[in-house]
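Trainee: coordinates only, sequence not included:
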């Protein structure tokens, strides 16, 4: 255990390093899911354990059922041309923040999980890096001085 980790543990566990050490030793991954190919996973959005969306470099979204962490099942996928930097799901739409030129923001119809289809897109000056949703507004961050875009349903 390095010095900083020990200090954090001492603070969190009121100077009882044995508590932190025991917890640190017990931390391990519950399960893992290998996705074929060489692209890294860049983002994840969890609707529920049976609907997990994994965004990858190279433009692939994998939709999986992780109800049983030891037996993750691929339900569907969708491909774009750019990295999937972030995503958000609302009702039947999957919103993507991508590096795809001319389609940095994409909305995908996921009403049929096994076969998602393109719904709409918007062109931004740079790659979309983050995305969130609140009160029927979509907030998208960009890799540029024009750092924030706010999208309404009128834009889709």
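Mentor: Received the coordinates, thanks. It should be emphasised that the depicted structure is a prediction, and the values quoted were computed from it without experimental measurement. Residues are numbered from 1 along each chain as shown.
Trainee: wait, isn't residue 55 in contact with residue 84?
Mentor: Yes. The criterion here is Cβ atoms under 8 Å, and residue 55 meets it with residue 84 at 2.9 Å. Backbone N, C-alpha and C define where each C-beta goes, glycine included.
Trainee: overlap in contacts, those two.
Mentor: 42-43, 61, 96 (Cβ atoms under 8 Å, 6 or more residues apart in numbering).
Trainee: in the protein, where is pLDDT below threshold?
Mentor: 1-30, 156 (pLDDT under 70).
Trainee: go again with 50.
Mentor: Within the chain, the stretches with pLDDT under 50 are 1-5, 13, 17, 19-21, 23.
Trainee: find the residue closest to the most centrally placed residue in the chain in space, skipping its chain neighbours.
Mentor: Using Cα atoms, centre = their mean, the residue of the chain that lies closest to the mean C-alpha position is residue 44, 2.5 Å off. Leaving aside its sequence neighbours, residue 44 sits nearest to residue 54 (Cβ to Cβ, 6 or more residues apart in numbering; 5.5 Å).
Trainee: do residue 102 as well
Mentor: residue 123 (4.8 Å).
Trainee: same check on residue 53?
Mentor: Of all residues not flanking residue 53 in the chain, residue 45 sits nearest, at 4.5 Å (Cβ to Cβ, 6+ apart).
Trainee: can you tell me the SS state at that neighbour?
Mentor: strand (DSSP: H, G, I helix; E, B strand; the rest coil).
Trainee: mind listing what the residue nearest to the centre of the chain touches?
Mentor: Residues in contact with residue 44 (Cβ under 8 Å, 6+ apart) are 52-55.
Trainee: and what of residue 81?
Mentor: Contacts of residue 81 by Cβ under 8 Å, 6+ apart are 59, 100-101, 103.
Trainee: you'd agree residue 114 is up against residue 75?
Mentor: Yes. Counting by Cβ under 8 Å, residue 114 does reach residue 75; the two are 6.2 Å apart.
Trainee: ok, these two, which is more surrounded?
Mentor: Higher neighbour count among residue 114 and residue 75: residue 75, with 16 against 10, using other Cβ atoms under 10 Å.
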